[in-house]
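**Student:** I'd like to go over a predicted model; first the sequence, then the structure.
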Amino acid sequence: MTVQPSVLLIAGSPSEQSRSAALLDSVNDRLARRSGFVVERLNIRELPAQALLLAEWGHPAIAAAIAQVERARAIVVATPVYKAAYSGLLKVLLDLLPQTALKEKTVLPLATGGSPNHMLALDYALRPVLQSLSARHILPGVYATDAQVLQVADKRYEVGADIAIRLDDAVLTLLAESFRMPATTGFAPVHFSRVRCSV
């Protein structure tokens, strides 16, 4: 039996409905249109708080979360930015992971914040931690401000058009890097002998 490779979506927000979760939902929608791999989700807020904070590696829920990370080929991490850093909830999970937890994995970081001033949190706060966990390749992150992820009906959040375009590109790159899938769906390759030009 062949086990399909997986993409793991990690939600680092302490809130069930959040802008960072909306980014993750958008990535999930884009991945759902593809085949050849499994998409899993890890909502850190649903893990038992005591086991998480006390680093109880033997707890079934914590062990299962670490196993999800281990079997994924690609990982998408989404977090709100608080005080110029990623969420404490995400920090606790990352601290539990083995030092080589992200070895041979491609990681796409996503973040949301109140203003563009917090954008550098992706590069200066989150990226070094992902690198310390031996990530093979960390893709350029996607950062969205509150104005780019608006709250709509039923307190849900909707990704704006500009962020949607950036997520399209990010998902294509993630698939190309992780699963050797084509990065674009444009024209088929043309042999050089068929190229015609005029001067």
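**Tutor:** Yep, it's here.
**Student:** how many other residues sit next to residue 29?
**Tutor:** By the criterion of other C-beta atoms under 10 Å, residue 29 has 13 neighbours. Using the backbone N, CA and C atoms, a C-beta is placed for each residue, glycine as well.
**Student:** Show residues contacting the helix or strand containing it.
**Tutor:** Secondary structure assignment for residue 29, by DSSP states H and E: helix 19-32. By C-beta atoms under 8 Å, 6 or more residues apart in numbering, the residues outside helix 19-32 that reach it are 7, 9, 11-13, 15, 37, 39, 41, 76, 78-80, 108, 110-112, 142, 144, 146, 149, 156-159, 163-164, 167-168, 170-171, 175.
**Student:** how far off helix 19-32 does the longest helix anywhere in the chain point, in degrees?
**Tutor:** As assigned by DSSP state H, the longest helix anywhere in the chain is helix 161-179. Here the directions of helix 161-179 and helix 19-32 differ by 60 degrees (axes from the mean of the first three to the mean of the last three C-alpha atoms, to 10 degrees).
**Student:** picking that back up, among the contacts of helix 19-32, name the buried ones.
**Tutor:** Buried residues within the contacts of helix 19-32, counting neighbours by 16 or more other C-beta atoms under 10 Å: 7, 9, 11-13, 37, 39, 41, 76, 78-80, 108, 110-112, 142, 144, 149, 157, 159, 163, 167, 170-171, 175.
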